[in-house]
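Student: Below are the sequence and a predicted model; questions follow.
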Amino acid sequence: MKVGVRAKILITVVAVFLFATGLNTFVISRVFRKGYSAALQSKMDVIANTLKSQIERLTRLGIAVENIEGFEAQCQEVLHKHKELAYVMVAQTNGNIIFHNDPTYHNTTIKNPEILNALKQKQQTECLSKTNEQTYYNTVVLTGDDSSGQNIAVIVGFPTALIDNKIQELIHYSFIVALISLGIATFLLLTILSISVTKPLSRLIATIHQIRDSSNLDSRVIVRSADEIGELAVSFNEMVEDLNKTTVSRDSLMKEVDERKKVEERLRKTEEKYRMQFEGALDAIFIADAETGIIVDCNPAATRLVEREKSELIGQPHTTLHPSEDIQEGFSKTFKQHLEDKQGEALETQVITKNGEIKDVAIKANLLEVRGKKLLQGIFRDITEGKKAENRQSQLLEQLEKVNEELKEFAYVVSHDLKAPLRGIKTLVDWITSDYVDKLDDDGKEQMNLLVNRVDRMHNLIDGILQYSRIGRVAEEKVKVNFNELVSDVIDMLAPPENITITIENELPTIECEQIRMMQVFQNLLSNAVKYMDKSEGQIKVGCIEDDSFWNFSVSDNGPGIEDKYYDRIFQMFQTLSPRDEFESTGVGLTVVKKIVELYGGKIWIESKVGEGSTFFFALPKQETGVRNEKLETNIIS
């Protein structure tokens, strides 16, 4: 069990106090016993001599001792007056009791040998006697003789227990006083200790605990006295200050060591990571001395690139990697450029393999400093196949440009050479019809009209083919187009019959796009709906629904409808579902519409029920309504 300084001091003080109290009690009891005994003895001497004087005075008057009247009562009065006395009696020297304060002892004989022995003495004597297990202190004073010639003695006795009781009472009161004094002294001592010892020590202990728990050596003990405790606090503060200096130096050293270890560990991991990336890189990596150009390291991809072993490359000048025409004053062109100002840029050059094969490479280099030495790290990427592909692409582009020129020339030739005979045929038919109108019967006129229709159909077919071939080759500026106005303009241009009504169902958006192309889309869709309408009251509706990514347009009608097996066919070139003699059509219009929508990044589809009508849907993306890298040019093809 832990015992504090205050408790130890308190225990010590109590022990000393108890020892002092015990010693004081012992001494006091001895002194008191002697003094009190002497006082009682003196008192008994006085009483005995007083009674002796009375007896001698009466005997001088001729009164025999045994005839003295009332002497027993006087003995009782003395005993009553002096309560500490046990007995008072007058006895002969032979032990016969003449008077006694207790009448029962009258004319009895003293049995106690100590008193009997004292009676034989010729002078005043003190003695101890024991009666009924009690000890008495006696004073024996001799007086005159009685009538029988026996010496008479006055005997006064008191119990020695009286002294013991007085001593115990004295010890009891002394102990009470000692306890009160001890309590007062303890309180005063604790107060003094608390102020001058325990509180400073507690502050010292608290500071020690604070330093131990927080490792903060800046804590100090407040010094408030110049005594030993104050000196202890000053010494402790000095010790902490010295320890703080030592600890700061040690902590700084340990921190520096830890930081160095961490740096070394990071460096080791970085080197391992770099080595793994270096060895596993798909591109060839060469590392050369930046001053001499000597190769100091390379990875497996580098050996595969130049078809040489690593041992054949290390220690060789980097110029051995390049053909002789790429070497300039001992340094390759790219090496010199990288050293000067081209770090991080990809420069193209060539390397030569062991068997003399030339390979095209792109080099990206950066300057490194490792342990004070400057190195140039070059990453070589084999672009030989890419170069070949570029050459092939250039050749194909040249061929494509030639084909486009030839196509333009072909389109011009087709437009001029094919249309010229058609115009001649149509002119000839017009002449025949006007010159021989009275000679042609109805069958002849019908044949002439049929011939004109065939010529017009052929003319429109040629226009449709030419226009489809030019899709994506003619640029048009994009503008903000209000589709409400655009569709209204298309309706006005179409001028539908009175039995067909074209309505716009809801508000159409304003989109930045190429206006003529969007007009061509609606012209083709609406003209088809009008052309093939088979109901006496035709209804054609135009609408648009917006979602997160698209504008979803629709053109619906209540016409004849289309069977689902023809959904794909109607968007193919030259495909029509009705005989050309019934409905004049080239079969190119929906193909052009599909091409325009898809080049805008959208899609077109149809939903239809035979006998109820059809709905053409097409969706244009919101983010880019223009054509992706291509431009369109089409016309309505009916």
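Tutor: Yep, that arrived.
Student: Please name the residues that touch the residue lying closest to L321 once chain neighbours are set aside.
Tutor: Counting by Cβ to Cβ, 6 or more residues apart in numbering, the nearest residue to L321 once its immediate chain neighbours are dropped is V351, at 4.9 Å. Heads up, the C-betas are built off the backbone N, CA and C, glycines and all. Counting by Cβ atoms under 8 Å, 6 or more residues apart in numbering, V351 touches 305-306, 321-323, 358-359, 361, 380.
Student: Quickly run through the sheet partners of the helix or strand where V351 lies, with directions.
Tutor: Per DSSP states H and E: V351 is located in strand 346-352. Sheet pairing for strand 346-352, assigned by DSSP bridges, gives strand 358-370 (antiparallel).
Student: residues in contact with the partner strand?
Tutor: With Cβ under 8 Å, 6+ apart, strand 358-370 has contacts from 284, 287, 290, 305, 323, 334-335, 338-339, 342-353, 374-384, 386-387.
Student: pLDDT (mean, whole number) over it?
Tutor: Average pLDDT, strand 358-370: 85.
Student: so how far is it from its chain's centroid?
Tutor: Taking the mean of its C-alpha atoms, strand 358-370 sits 43 Å from the chain's own mean (Cα atoms, centre = their mean, to the nearest Å).
Student: quick one: buried residues of that strand?
Tutor: 359-365 (16 or more other Cβ atoms under 10 Å).
Student: Phi first, then psi, for the closest residue to Q377 other than its chain neighbours.
Tutor: The shortest distance from Q377 to any non-neighbouring residue, by Cβ to Cβ, 6+ apart, is to I287 (5.1 Å). Per-residue torsions, I287: phi -120, psi 130 (degrees, to the nearest 10).
Student: rewinding a little: look at the residue nearest to L321 and report its pLDDT.
Tutor: At V351, the model reports a pLDDT of 89.
Student: what about T320, which SS state?
Tutor: When classified by DSSP: H, G, I helix; E, B strand; the rest coil, T320 comes out as helix.
Student: Check what pLDDT it gets.
Tutor: For T320, pLDDT reads 85.
Student: which ones are touching it?
Tutor: By Cβ under 8 Å, 6+ apart, the neighbours of T320 are L313.
Student: Please repeat the previous calculation with a cut-off of 10 Å.
Tutor: Residues near T320 by Cβ atoms under 10 Å, 6 or more residues apart in numbering: 295, 306, 308, 312-313, 327, 351-352.
Student: Please apply the same query to T104.
Tutor: Residues in contact with T104 (Cβ under 10 Å, 6+ apart): none are found.
Student: Next, it: phi, psi?
Tutor: Note on T104: backbone dihedrals following degrees, to the nearest 10 are phi -70, psi -20.
Student: Adding distance to R454, write the contacts of T320 out as TSV.
Tutor: Shown next, in TSV, are those (distance: Cβ to Cβ, whole Å):
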residue	distance to R454
I295	80
V306	72
R308	76
E312	80
L313	79
I327	75
V351	69
I352	70
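Student: Provide the partner residues of the residue nearest to L321 in its beta bridges.
Tutor: K359.
Student: Also I97?
Tutor: Going by DSSP bridges, I97 is paired in beta bridges with A91.
Student: Please verify my assumption that it contacts A91.
Tutor: Yes: shown here, I97 and A91 form a contact pair, counting by Cβ atoms under 10 Å, at 4.7 Å.
Student: Now do the shared contacts for these two.
Tutor: 105, 108-110, 155.
Student: what stretches of the stretch 151-300 of the chain score poorly on pLDDT?
Tutor: Scanning the stretch 151-300 of the chain for pLDDT under 70 picks out 193-194, 196, 215-218, 246-251.
Student: where along it do the helices fall?
Tutor: Secondary structure of the stretch 151-300 of the chain by DSSP state H, counting those that start in this stretch: the helices cover 160-193, 199-214, 228-280, 300-306.
Student: Could you dump those helices into TSV and include mean neighbour count and distance to D442?
Tutor: Converted to TSV, those look like this (neighbours: other Cβ atoms under 10 Å; distance: least, Cβ to Cβ, whole Å):
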stretch	mean neighbour count	distance to D442
helix 160-193	14	148
helix 199-214	14	122
helix 228-280	12	90
helix 300-306	19	87
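Student: Turn those helices into CSV, columns for distance to P421.
Tutor: Formatted as CSV, these follow (distance: least, Cβ to Cβ, whole Å):
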stretch, distance to P421
helix 160-193, 136
helix 199-214, 108
helix 228-280, 71
helix 300-306, 65
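Student: and of these, who's closest to S37?
Tutor: Ranking the helices of the stretch 151-300 of the chain by distance to S37, with Cβ to Cβ as the measure, places helix 160-193 first at 5.9 Å.
Student: sorry, back to before: I97 and A91: who's more crowded?
Tutor: Legend: neighbour count by other Cβ atoms under 10 Å for I97 and A91, higher for A91 (25 against 17).
Student: hey, which helix or strand in the chain has the poorest pLDDT?
Tutor: Of all regular secondary-structure elements in the chain, judged by mean pLDDT, DSSP states H and E, the least confident is strand 327-328 with a mean of 55.
Student: And the chain, split by domain according to the record?
Tutor: What automatic domain parsing lists as the domains of the chain is 5-170, 222-273, 281-382, 389-466, 476-621.
Student: Dump those into CSV; add distance to K199 as well.
Tutor: Shown next, in CSV, are the domains of the chain (distance: least, Cβ to Cβ, whole Å):
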stretch, distance to K199
domain 5-170, 10
domain 222-273, 9
domain 281-382, 62
domain 389-466, 92
domain 476-621, 78
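Student: Mind checking the ones you listed for the one nearest to T207?
Tutor: Nearest of the domains of the chain to T207, taken as Cβ to Cβ: domain 222-273 at 7.6 Å.
Student: what about that closest one, distance to the chain center?
Tutor: The answer for domain 222-273 is 29 Å, by Cα atoms, centre = their mean.
Student: same thing with stretch 364-374?
Tutor: In terms of Cα atoms, centre = their mean, the centre of stretch 364-374 is found 39 Å from the chain centre.
Student: before we move on, what about stretch 121-134?
Tutor: Using Cα atoms, centre = their mean, the offset of stretch 121-134 from its chain centre is 101 Å.
Student: Which residues are in contact with the spatially closest residue to I314 that is not a sequence neighbour?
Tutor: Leaving aside its chain neighbours, I314 sits nearest to I295 (6.0 Å; criterion: Cβ to Cβ, 6+ apart). I295 is in contact with 286-289, 302, 310, 313-318, 320-321, 378, counting by Cβ under 10 Å, 6+ apart.
Student: swap in G315?
Tutor: Neighbouring residues of G315 by Cβ under 10 Å, 6+ apart: 294-296.
Student: So which of these sit within strands?
Tutor: 295-296 (DSSP state E).
Student: which one of the contacts of G315 is nearest R266?
Tutor: Set against R266, the nearest of the contacts of G315 by Cβ to Cβ is V296 (23.6 Å).
Student: what's the spacing between stretch 482-497 and its chain's center?
Tutor: 66 Å.
Student: Could you give the average pLDDT over that stretch?
Tutor: Throughout stretch 482-497, pLDDT has a mean value of 89.
Student: buried set for it?
Tutor: Buried residues in stretch 482-497, counting neighbours by 16+ other Cβ under 10 Å, are found at 483-484, 486-487, 490-491, 494, 496.
Student: could you check the distance from N244 over to V452?
Tutor: 116 Å (Cβ to Cβ, to the nearest Å).
Student: where in the stretch 401-550 of the chain is pLDDT low?
Tutor: Applying pLDDT under 70 to the stretch 401-550 of the chain flags the ranges 407-420, 457-458, 460-476.
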